[in-house]
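>>> After the sequence you'll find the predicted model.
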Amino acid sequence: MNPGPRNLITDVPGLLVGNAQDDALKSGTTVLTAADPFMASVHVMGGAPGTRETDLLAPDKSVSRVDAIVLSGGSAFGLDACSGVSDGLHAQGRGFQVGSAVVPIVPGAILFDLLNGGDKGWGENPYRALGRRALAAASEEFDLGTAGVGTGALAAMHKGGLGSASMVMENGVTVGALVAANPLGSVTTPGDRHFWAAPFEIGDEFGGLGPDSSTGLGRTVDSRKAKAMRPAEPDKANTTIAIVATDATLTKPQCQRLAVAAHDGIARSIVPAHTPGDGDLVFGVSTGARELQTDADLGLLGHVASLCLARAIARAVYLASPAMGDLLPCWSGSHDLS
């Protein structure tokens, strides 16, 4: 198995991603969409999620396909980005048909980036406009690192960001991950050099430095973010939100199982993960272009999704770039990328 040609979630045929951000705000929005509605579900493992329209993604709910999924900064304010995406989709005549009405189905999730040093003194909530701009920008190619929802993301020790990765399985099925990494935990081992996800790296997609050879890791939990945000409560200013997608044909319950399995990627790449102060959430998406042959294929699909998500989280931090007023350093600013 190898990454797709872009090593992005858009290697899954038909999927598009758009970013919009405001550098002064130090925040932004990212949208996943496609020409046709796609199957989706969700699984939450963090203790502090912020979401919109995720209840309808439960396997027993009637609506199975969605028109877009939004990942946004801005905490509860950022949920308004979904409204902007809905506006844009409605203008295109897209959505769930109910008689003469057309209602776009746009679930979303947010991360907390309100204390990252950006100018949050807005007079009007900016996220609705950011959502519509992100939808308009949707493409097979998009920026990673300090872009879209990852613009103001912070991990424990470095700037966070937007990450993505993909894998093409031996049966031809493609799996991809898209993530906004803003966790309470660290994406690197003590010393900041090696990524927790290093055992799963392919080539040098996040530096090629390999795993940390130390033992006894995980016994210390340091955080520059916690120090930078005091006297606020830094344990409440976090979250990793993600989408894993495939062109395999999955039912809604199988999409949920894909999301459940993908959470292993968060645990493999962030320490600690799934804390009470994180809103860790993964959407599972299927475009339904390829039939799975056996039940065993679904288990392998979940495993591959977890690998893609772990790699995407490391790439989010690896590709973050410095900006005026940053609270934390970029990984690239303290390590040789040659």
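Arrived safely. Numbers count the residues shown, from 1 in each chain.

>>> What residues does S223 make contact with?
Going by CB atoms under 8 Å, 6 or more residues apart in numbering, S223 touches 156-157, 184, 186, 234. Every C-beta, even on glycine, is put in place using the N, C-alpha and C of the backbone.

>>> quick one: secondary structure of the spatially most central residue of the chain?
Central residue of the chain (CA atoms, centre = their mean): V179, 1.8 Å from the mean position. The three-state label given to V179 by DSSP: H, G, I helix; E, B strand; the rest coil is strand.

>>> Please report the distance of it from L307.
Using CB to CB, to the nearest Å, V179 is found at 13 Å from L307.

>>> Low-confidence ranges, the stretch 201-338 of the chain, go.
232-234, 334-338 (pLDDT under 70).

>>> mind listing the strands for it?
239-248, 281-290 (DSSP state E, counting those that start in this stretch).

>>> Which of these has the highest mean neighbour count?
Mean neighbour count (mean count of other CB atoms under 10 Å) peaks for strand 239-248 among the strands of the stretch 201-338 of the chain, with a mean of 30.

>>> Which strands or helices does that one pack on?
Applying 3 or more CB pairs under 8 Å, 6 or more residues apart in numbering; DSSP states H and E, we find strand 239-248 packed against strand 27-44, strand 65-72, strand 108-110, strand 174-182, helix 252-269, strand 281-290, helix 295-318.

>>> Taking helix 295-318 as reference, get the angle to the fourth one.
Right, the one you point to is strand 174-182. Inter-element angle recorded for strand 174-182 and helix 295-318: 40 degrees (by axes from the mean of the first three to the mean of the last three CA atoms, to 10 degrees).

>>> could you dump strand 174-182 to PDB, C-alpha only?
Taking C-alpha atoms only, strand 174-182 is exported to PDB below (Å, rounded to 0.1, in the frame of the first residue of the first chain):
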ATOM      1  CA  THR A 174      -8.500   4.600  -1.600                       C
ATOM      2  CA  VAL A 175      -8.600   5.900   1.900                       C
ATOM      3  CA  GLY A 176      -7.800   9.500   3.000                       C
ATOM      4  CA  ALA A 177      -7.700  11.600   6.200                       C
ATOM      5  CA  LEU A 178      -8.200  15.300   6.800                       C
ATOM      6  CA  VAL A 179      -7.500  16.700  10.300                       C
ATOM      7  CA  ALA A 180      -7.300  19.900  12.300                       C
ATOM      8  CA  ALA A 181      -4.800  19.300  15.000                       C
ATOM      9  CA  ASN A 182      -5.300  21.500  18.000                       C
END
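
>>> Packing partners of that strand?
When contacts are defined as 3+ CB pairs under 8 Å, 6+ apart, strand 174-182 packs onto strand 27-44, strand 161-168, strand 239-248, helix 295-318.

>>> again, only this time at 7 Å
Here strand 174-182 touches strand 161-168, strand 239-248, helix 295-318, going by 3 or more CB pairs under 7 Å, 6 or more residues apart in numbering; DSSP states H and E.

>>> From I266, how far off is D212?
As judged by CB to CB, D212 and I266 stand 19 Å apart.

>>> again with G50
17 Å.

>>> who's more crowded, the two?
Using other CB atoms under 10 Å as the criterion, G50 and I266 rank with I266 on top: 26 against 21.

>>> My guess is that one contacts P272. True?
No - in this structure, I266 is not within contact of P272 by CB atoms under 7 Å, at 10.4 Å.

>>> and stretch 121-136, how far out from the chain's middle?
19 Å (CA atoms, centre = their mean, to the nearest Å).

>>> List the buried residues in it.
125-135 (16 or more other CB atoms under 10 Å).

>>> and if you look at stretch 209-224?
212, 223-224.

>>> same deal with stretch 106-123?
Those would be 106-118, 120, for stretch 106-123 by 16+ other CB under 10 Å.

>>> Now it: average pLDDT?
Here stretch 106-123 scores 93 as its mean pLDDT.

>>> Ends of that stretch, what's the gap?
25 Å (CA to CA, to the nearest Å).

>>> Not counting sequence-adjacent ones, nearest residue to H158?
W331 (4.8 Å; CB to CB, 6 or more residues apart in numbering).

>>> hang on, the one you found packs against M157?
No - assessed by CB under 7 Å, W331 is found out of contact with M157, at 8.5 Å.

>>> Neighbour count: the two, which is higher?
For W331 and M157, the more surrounded residue by other CB under 10 Å is W331, and the numbers stand at 27 against 22.

>>> so what's that one up against?
Applying CB atoms under 7 Å, 6 or more residues apart in numbering to W331 gives the contacts 158, 317-318, 320.

>>> Let me have those in a markdown table, adding distance to D247 and neighbour count as columns.
A markdown table is the format used below for the contacts of W331 (distance: CB to CB, whole Å; neighbours: other CB atoms under 10 Å):
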| residue | distance to D247 | neighbour count |
| --- | --- | --- |
| H158 | 33 | 26 |
| V317 | 28 | 31 |
| Y318 | 27 | 27 |
| A320 | 29 | 31 |
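
>>> which of the residues you listed sit farthest apart?
Pairwise distances across those peak at 9.3 Å for H158 and Y318 (criterion: CB to CB).
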